[in-house]
Each structure stands twice: as C-alpha cells, then as structure tokens.
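**Student:** Predicted model and sequence follow; I will ask about them next.
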Amino acid sequence: MKHLLASLCLLESLLRALTQCTVPASEFHLKGHYLIGGLFDVHHASGPIYHKRPEAIECSSQLLITSNYRRLQLMRFAVEEINNSTSLLPNVSLGYEIFDYCSDIQSFPGVFNLVSVSGLIQHWSEPHKNLSTVPKVIAVVGPFTSTDTLTVAPLFMVDLIPMISYGASSSVFSTKLNFPSFLRTVHPNKDVIEVIFKTLQHFNWLWVAFLNSDNNYGNDGLELFREMIKDTEICLAYTNGLNDYTNYPTIFKQIEAQRVPVIIVFAPEWTAEAVIESAIQLNITNKVWIAGNGWSSNKRLQKEKGIKNIGTVLGVAEPVVTIPGFSDFISSSKSRTQCENAEDMFCNQVCNCSSLSPEDVNAGDPSFSFPVYSAVYAIAHALHNVLQCGAGRCKDNITVYPQMVLAELRKSAFTVLNQSIQFDDNGDPAFGFHSIVFWNHSGDAEEIGFYKLHPSFNFFINTTKIQWFTKEVPTALCSSECPVGYAKHQDGVHKCCFTCEMCPNGTYINITEDSYKCISCKETEWSTAGSTSCSLRAVEYIPVTDIGAIVIMIGAWALVGFTLATSVLLAINYNTPVVRSAGGPMCFLILGCLSLCSLSVFFYFDKPTIPFCILRLQPFLLFYTVCLACFVVRSFQIVCIFKIAAKFPKLHSWWMKYHGQWLLITAAFVTQALLILIGYCDGPPRPYNETVWYPDKIILCCSMDFKASSGPVILLVFLSSLCFIFSYMGKDLPKNYNEAKAITFCLLLLMLTWVIFVTAYLLYRGKYLQTFNALAVLSSLYSFLLWYFLPKCYIIIFQPHKNTQQYFQGLIQNYTKTISQ
C-alpha cells in the first residue's frame, strides 16, 4: 500500500509539472539591450465596435488571422536567430515589444507604449539630453496594412523612429516629406498594378472589372490602375469599393450585365474571402480572377469547396522564400505551454492562440514572410553599424537614438538568404521580384511566371501550365476586333466598345497608329474603300507629242496661214466693193487678232506652268474681244446703212463724222484689258492638280478663278449678244448682200461651240479636257475665218462680176425702193 501511495504522489507531481508553464515569457515581449517594436494584426476587427465609455478594443476576442500570427512568429524567430549569431550584434541582445494591432482606430494604447519614454509621452519640444529620454524602441516592424500604417505613422515620424512595414504598399508612403522615417520591405502598389497590367496585355484582356477594398490600400490601387490603362486599349468596365456592408449579389449582377469576363480583386485576404465566397454561393462561373498580392496565396480559399466552379484564378504574389529553421522554431515554440504573466502584460498582448497547432501555423499563407524577416535583419544591421561592432564586440558607450538607426537603414547594403537588401531614396525596396501564380486543380498556388524588378525589368508567364476553364485562353473584349480596313467608332463611354466602319475612298487605317481614325491619303496618293495603305496616283496631262495635240497645233498653224493668205488677197483687192463692204481696214485688224488668238492654243499642252496658264486664256480673251467689237461695229454699220441711215440721218452723220466704230473698238479693248488686269491681281492663273474627280489620278491643269475671270467673260458675252442683235436685225437685207447673215451664222457657231465645251466641263474633268478647250478656242477662230472671210475670198476669186461698184449700187437702190414702197 505504501508503494502505491508513493506512486500516486509521484504521478500527481508529474502531472502538475506538465500542466504548468514551462516558459513564463510571452510571445509579445522579450527583454534585451535594445527593443524593437512590432505591430501585427493577429486578430482582425471586421467592423466598428461601439462602447459606452472610452476603452481600447480587446483584440483577442476578434477573428484570428493565421497568416498574420505566422508573421509575428517570424519576427520572434528572426530576433532569436540574431541573438544567437556571433557575427551580427555580438555581445548585444535584441528584445521586442509586440502588440496585436487589430483595429486602425481602437488599438492606440500599444502604439503609445512604443513611443513612450519610461512610461511617459515626452514633450516633443524638449531635445534628447540624456539616456532617460531615449524612446522605448529603436525601430518598429509593421503594421501590415496601409490603412493601419497611415493611422499610426505620424506618431513615429515625430521622433524619427524608423518604421519598416512588411505589407503597407500604398503609394502615399513614398513621399518622404510626410513620412521621413518610413521604409518598407514590400514593393509599393505601383509594382503590383504593373504586373496585373502586363498580365492583361499578355493575354489581350481589354474588358475588365476592378473590385478594391474601400480603404487607402484599395483606392490607391484603383487610381494607379486607372492611370496605367489611360492611354491603352484596356477598358475598366466596372469598379466598386468593398467594405463590411457590400451587397455582393448586386455587384455580380452588374458585372454579369456588362458581360465582363475578367475580375481583378485588389483587397486584403479577409475582404477577398468575402468576395470569393459570395461568388461561389451566387454560382458565378466562367470568370478569370486576378488576385492582388494580399490574397493570391490564401491557403483557405484554395481549398474552399466550389472554388473550381468560379473559373480560373491567377494572382500576383510575394515570392515564397524558405526560411531555414523556422518550421522547427514553430514546432518547439508551440509544443511548450505559453503563459502570460499578468504583471508584464500590456493591452492587446494576449493571443489566445492555443488552438493553433504547429501544422496550422506552418500551413498558413507564406506570403510576406521574407519582408518580415528582412525587416528585422535590416534593423539589426543598422544597429550593428551604429554600435560600430567588429572583432566580436560592439561598443557599449554609444547612446543609440532612433534617428541614428534610421540613417544607417537608409544606407543598408547587406545580404540575407542570398538576397541583397537595399532601399531607394523613397524607402522602397531596391530588391526582389513578384511571382505570378495559378490556382491549380490540386488546390495549390503554382508559380507560372515572374516579374523581376531589380536590377532590370523582366516579365515572363508560362501559359502552358495554366488549366483554363474554357480549355483555351479566354477572351475579354467588349467588341470583337474590326476586319481589315475598318476603323473603330466608339459606342458609349468605353473605347473598347465600338462599331466598325469601313474607311472610305481616299483614306486608310493604320491600327498600329490609331485604330479609331481613317487617315486621309496625301494629295499625291489614293486608296480604295477599306484600304490599309495608299498608292501613288497616276499623273496625267496632254504632252505635245499627243496625236490630238499635234492635230490641233497643225490646225492653229493652218489658221495663221489662212489669215495671212486672206490678208494678202484682201490687200491686193483693197479698193474693191467686197473688201470695203467687209470692213476695209477693219478686216486686217480682225485677221490679225484671230492670228494672235491662235497662239494661245499652243499652251494647252505639256505640263502646266505659270506662264503657260497665263498665255492659255488671257491673250484669247483680250484679242477675241477686239474681234467681237469689230463685228459689233460691222453689224451696226450694216443696219445703219440699210435702215437707220434713212430713218435717223443725224445719228448716221454723227457716227461717220467722229469715227464711232474706232471709238467703240478702242473702248472695248481698254475695258477688257483693265478687267483682265484686275482679275489677274485678284486670282492669277496657276498650275493646279485636279484630285477630286478621279481618286486614282492627278490631272495637271490650270486653276480657273471664276470670280476673277467673270468680268472678261461677261464682257465677251455682252459683245456677242449685242453683235447678234444687230446682225439679226439685218436678216431681211438683200439676198445677195449677206454680211449680216454671215455674222449671225458665225455667232451661232460660236455659241454652240462653247455650250458644248461647258457641258463637257461639267461632266468630265480628265486630261482631255485641255484638248477640248483648245479645240473650242480654235473652233471659235475658224468660225469667223471660214464663214465670214471665206465667202469674200470666193467672190473675189471666182465671181469678180459681183465685186463691182455697179453691182453693189444696184443692190442698195433696189432695197431702198422696197423699203419706201
């Protein structure tokens, strides 16, 4: 019996020993020569908690975040590793003061504890005069989120206490004016958004939705994303900020309505969990999900039931770095019963994590592990330099102030786990890269690519590792690409939504330059509808070697010859009645002007030049005006002789006395010369390329300013009309005396010629229009030469008996008797 009682007592003592705390120290506190502060949101307050009186939140009663607890253990492990090192901070021990920072607005007691001096907040205006006024900690690791960091950072910035965040990636912290003592071992949002952007470009996903947490972190990511896609073809179809009150059915209903196949979720893991769980419950399928680095390695979601149904999940992740000895540290740490010494505990330094096994901790999200680890080592190396450690010892007579540690942190250049640690001028990491992961069917985040940032940029994705829900790369387009030769016409507010319109003649589309605009071809080029480039136009004009041009020029030379021969014949028979009745000396003026007009025909051929354009029209207008003025005078004189002279003898005598015919001809000549000069000054003729009528040709011609040439043409029309009126009045003159009839017939031919030319001009603008113009000019000249002067020459040569004074007097006497009767 005695032996039994003794055995029972021994067993009781053993059980009592096993149930007692083997390690009285807390996970949140470790004494040392120098303390490092730690802010980890081991628990997360999902919403605001209301109190009837001012009090701090009890974090241990909130939702436990295993991944953040794992990061807290990493800080403890790194400190222990450094304390056991003989090369880094020899004979110096590091301690830590860690707080569970679960709320950005109700977790301030722990922060005040870190910035305190001997339990008090020092007056900021007092300089540090002795060791007793040195802040409690030399540096702080954390917090994790941008919102938490933005809340507490100003308190540490005042005393230039270094803050090294392992997760706050908002762009605002790169501004050193506001955050002079802030550094981070995680890359800013800009780099993460750039990886997402390059992934979208890689797969040509242009129609996407962006869901972000409605806080500093998420809103910063959204603004960066908008800025990055601003001048690209990627369109933000839908966006929404997520919080504790988000109506997920409404969000997904709107996304489905816009047919958005790619959804970017830029939020911390607890927000992302709510999004994905809602998508599973609402049966949202066949989507591509792009995860930010806050949840891309979330272990719980990867194993969630129904996760395969939502589609394909890709993500940007912090690279997983294996930290030797950490798993053993967790196993040994969790195998011991942890007790909190109430006397040493402060607010929110209680975990209540006894339910977590070492396997649970090691299986937690491994992302952001190396940022925590490297942050602790960065502080240790900075302190090592401040204390001037070397030869196995550190100087113990140096008072360490936080700003001294900060100065050394900025100059950091050391290697840990084969990774070179440095910071740029903004306090951002000048090392590392991002992994691109795919959630495979085994429930793991498989690395399929990377985006290296230092020392040079390098983007790579192995698409063969991705198992798409569609068996091929999904498309994300609001509108399908337009066929070749079609330009996009934006339909609505998004440039990715468009209709396709074929580029018309004379334009082309260059999709590499601007797929929304049909570019006009140069004046020397042309294109058919729906073209992607322009072709050179064929340049056309009438050369002097053209058969039609040769015939017309021969006709012009023949006209000059005929006028010369006619002039000689009329000069020989100058005193005969036929010559005198034809106009006498006026005949030679008419024939000379006809010859001068014919010179303009030669300038309608070959490449137009400024002299050619001037000589095409101006000589003809001027000298043809003289011809018409002469025929106006002749018509008037014929009517005057047979009709007006008998009825208006005084008018006839005045006309004869003052040589009215020459006054009229001179006035017409001077008026036309002035009109031509005015028109030349207003719009001189010059070479012109006709490109409107024929899209594939350039017709070389001369410009015609209708306003400038209207005056001379009106004068010609006026003289022609006047001549026609006078000549028509003489239609009933003696049958054999056909002067007026000949002039009338010539004018009818003249009108018919130019009516035909104007009609051709309205219907045709090809190169042969110049030939038609030259032919019309030549026809106008020949009409007077053949139908007015040729009959006179015929009478002189073949009917000399009609070329006598007696014959003409008889005709006049007979006509006078007829009128008097």
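**Tutor:** Cool, the structure landed.

**Student:** Helix, strand, or coil at the residue lying closest to residue 411 once chain neighbours are set aside?
**Tutor:** In this structure, residue 411 finds its nearest non-sequential neighbour in residue 385, 7.8 Å apart by Cβ to Cβ, 6 or more residues apart in numbering. (Each C-beta comes from the backbone N, C-alpha and C, glycine too.) Following DSSP: H, G, I helix; E, B strand; the rest coil, the label given to residue 385 is helix.

**Student:** Tell me, how many residues neighbour residue 385?
**Tutor:** If you count neighbours by other Cβ atoms under 10 Å, residue 385 ends up with 17.

**Student:** Isn't it up against residue 408?
**Tutor:** Yes: with contact defined as Cβ atoms under 8 Å, residue 385 reaches residue 408; the gap is 4.5 Å.

**Student:** and the gap between the residue nearest to residue 411 and residue 750?
**Tutor:** Using Cβ to Cβ, to the nearest Å, residue 385 is found at 108 Å from residue 750.

**Student:** Could you find the closest non-adjacent residue to residue 285?
**Tutor:** Distances taken as Cβ to Cβ, 6+ apart place residue 309 nearest to residue 285, at 5.5 Å, with adjacent residues excluded.

**Student:** residue contacts, the one you found?
**Tutor:** By Cβ atoms under 8 Å, 6 or more residues apart in numbering, the residues touching residue 309 are 280, 283, 285.

**Student:** Of those - the most surrounded one?
**Tutor:** residue 280 (18 neighbours).

**Student:** helix or strand for that one, which one?
**Tutor:** Residue 280 belongs to helix 269-281 when assigned by DSSP states H and E.

**Student:** Next, the angle from the helix or strand following that helix to helix 269-281.
**Tutor:** Next along the chain after helix 269-281, taking DSSP H and E as the criterion, comes strand 287-291. On the basis of axes from the mean of the first three to the mean of the last three Cα atoms, to 10 degrees, strand 287-291 is oriented at 170 degrees to helix 269-281.

**Student:** now for strand 287-291, which elements pack on it?
**Tutor:** helix 189-203, strand 262-266, helix 269-281, strand 311-317 (3 or more Cβ pairs under 8 Å, 6 or more residues apart in numbering; DSSP states H and E).

**Student:** Walk me through which strands the last one pairs with, and which way each runs.
**Tutor:** Strand 311-317 has the following strand partners under DSSP bridges: strand 287-291 (parallel), strand 433-439 (antiparallel).

**Student:** Of all those, which one is nearest residue 676?
**Tutor:** strand 287-291 (76.5 Å; Cβ to Cβ).

**Student:** Format the CA atom coordinates belonging to that closest one as PDB.
**Tutor:** Output of strand 287-291 as PDB, limited to C-alpha atoms (Å, rounded to 0.1, in the frame of the first residue of the first chain):
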ATOM      1  CA  LYS A 287     -14.600  34.100 -65.000                       C
ATOM      2  CA  VAL A 288     -10.900  34.900 -64.800                       C
ATOM      3  CA  TRP A 289     -10.000  36.200 -61.400                       C
ATOM      4  CA  ILE A 290      -6.800  38.200 -60.900                       C
ATOM      5  CA  ALA A 291      -5.700  38.300 -57.300                       C
END
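
**Student:** Quick one: name whatever helix or strand follows that strand.
**Tutor:** Next element after strand 287-291 (DSSP H and E): helix 299-302.

**Student:** which residues are contacting that next one?
**Tutor:** By Cβ under 8 Å, 6+ apart, helix 299-302 touches 272, 273, 276, 295, 307, 363, 364, 365, 439, 443, 444, 445.

**Student:** So the nearest residue to residue 673 once chain neighbours are set aside versus residue 675, what's the distance?
**Tutor:** Using Cβ to Cβ, 6+ apart and skipping residues adjacent in sequence, the residue nearest residue 673 is residue 622, 6.2 Å away. Counting by Cβ to Cβ, the gap from residue 622 to residue 675 is 10 Å.

**Student:** circling back to that earlier point, out of the strands paired with strand 311-317, the one nearest residue 723 is which?
**Tutor:** Of the strands paired with strand 311-317, nearest to residue 723 by Cβ to Cβ is strand 287-291, at 87.4 Å.

**Student:** For the closest one, list every residue counted as buried.
**Tutor:** Residues of strand 287-291 classed as buried by neighbour count (16 or more other Cβ atoms under 10 Å): 287, 288, 289, 290, 291.

**Student:** Now, of the contacts of helix 299-302, which are buried?
**Tutor:** Buried among the contacts of helix 299-302 (16+ other Cβ under 10 Å): 272, 273, 276, 295, 307, 364, 365, 439, 445.
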